[in-house]
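Colleague: here you go, sequence then predicted model.
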Amino acid sequence: MDPPAVTIGAVSGHTDIRAGGWVARLPEAARPYALLMRLDRPIGVPLLFLPALWAFALAAPTVTEGLRLTALFGIGAVLMRGAGCVVNDLWDRDIDKRVERTRGRPLASGAVTPRQALVFLIGLLLVSLLILAQLNRAAILLGVLSLVPIALYPLAKRVTNWPQAMLGLTFGWGAPMGHAAATGGVDAVTALLYAATILWILGYDTIYAHQDREDDAMVGIGSTALHFGEATGLFLAACYGGMIALLALTGWLTGLSMWFFAALALPAALLARQVAALDIHDPGLCLRLFQANREVGLAVALAFLIGRL
């Protein structure tokens with residue numbers, strides 16, 4: 001069923017903010033910061049983490065090391081997804097006030113001031129740095145470089161119709177960083193894995209952007225949802241088809257068994273279902289299809305693991 005409309009302060013309407021539930025049981029002073037990190041909507045954490053999980057499933061040298069990296073990157077995903085949300089909302093607080101889905105965000109509503117958000121951001125980055133220090137030199141370098149796309153992503157919608165591509169570069173960063181953490185460096189396989197994640201994210205975030213299509217047009221910001229409109233289904237099929245092709249090439253280059261290619265049929269089928277079910281005029285359906293990519297990502301990781309047996 002569609003997510004219910006919620007009221008945040010004096011604002012109501014279609015939104016994916018979840019001010020109730022466990023967030024409502026937090027101390028009052030902590031609630032705006034939990035919402036600022038999007039802890040009420042944890043789907044962003046696995047979507048940020050899954051590209052790294054693909055890398056570990058593909059290239060971790062031992063089970064123990066794979067589990068260690070999974071734990072470190074899992075904690076890091078929570079922190080860096082939160083940091084990215086703070087950066088995004090600092091840039092977008094004036095725009096967010098004019099978009100129905102986002103006007104209840106803490107910075108847009110005034111529940112958190114820009115100064116408070118900046119101090120909170122510094123705290124998140126400092127804790128993230130402690131996690132990063134547990135990795136090898138190549139992964140640390142890539143981790144530091146990840147701050148560049150994180151900072152630039154909120155600007156993309158102001159200068160291009162392709163901010164979803166910029167999100168792909170940002171959210172997909174876990175693939176090369178995770179591969180470097182598992183192998184000690186980067187190579188052609190790293191690039192293929194990263195390219196596959198970019199296409200995946202470009203597709204699913206275009207679905208997500210259809211929730212804001214009309215508001216984005218009104219305030220004058222770009223998106224692939226606006227750019228492709230009714231042709232989104234064809235664009236989505238191209239993105240997802242390219243992703244599966246790149247994953248198959250990755251499996252072939254790394255010598256995975258035939259069982260990898262058989263297992264890859266599951267995420268391919270899940271993605272095809274999204275293309276078939278898409279209705280860009282149904283915001284609730286777009287949100288559900290976007291959220292379904294968690295299962296797609298887990299299925300890809302499973303295929304890599306099966307291919308190594």
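Modeller: Received it, and whenever you're ready, just let me know what you need. Numbering: from 1, shown residues only.
Colleague: point out where the chain drops to low pLDDT.
Modeller: 1-20 (pLDDT under 70).
Colleague: could I get the buried residue list for the lengthiest helix in it?
Modeller: Secondary structure of the chain per DSSP state H: the longest helix is helix 63-96. Residues of helix 63-96 classed as buried: 66, 69-70, 72-93, 95-96 (neighbour count, 16 or more other C-beta atoms under 10 Å). Yep, even glycine has a C-beta here, placed from its N, CA and C like the rest.
Colleague: now stretch 209-228
Modeller: For stretch 209-228, burial by neighbour count (16+ other C-beta under 10 Å) applies to 209-213, 215-216, 221-228.
Colleague: with stretch 227-245 instead?
Modeller: Buried residues in stretch 227-245, counted by 16+ other C-beta under 10 Å: 227-228, 232-233, 235-237, 239-244.
Colleague: quick check, nearest of the residues you listed to W173?
Modeller: For the buried residues of stretch 227-245, the closest approach to W173 (C-beta to C-beta) belongs to M243, at 16.2 Å.
Colleague: pretty sure that closest one sits against L193.
Modeller: No. In terms of C-beta atoms under 8 Å, M243 does not count as a neighbour of L193; the distance is 10.6 Å.
Colleague: quick one: contacts for L246?
Modeller: L192, L193, A195, A196, L199 (C-beta atoms under 8 Å, 6 or more residues apart in numbering).
Colleague: switch the cut-off to 10 Å
Modeller: A191, L192, L193, Y194, A195, A196, T197, I198, L199, W200 (C-beta atoms under 10 Å, 6 or more residues apart in numbering).
Colleague: one more: G255?
Modeller: By C-beta under 10 Å, 6+ apart, the contact list for G255 reads G307, R308.
Colleague: that one: what secondary structure?
Modeller: Here G255 is coil, with the state taken from DSSP: H, G, I helix; E, B strand; the rest coil.
Colleague: can you give me the distance of it to R308?
Modeller: Distance, G255 to R308, using C-beta to C-beta, to the nearest Å: 9 Å.
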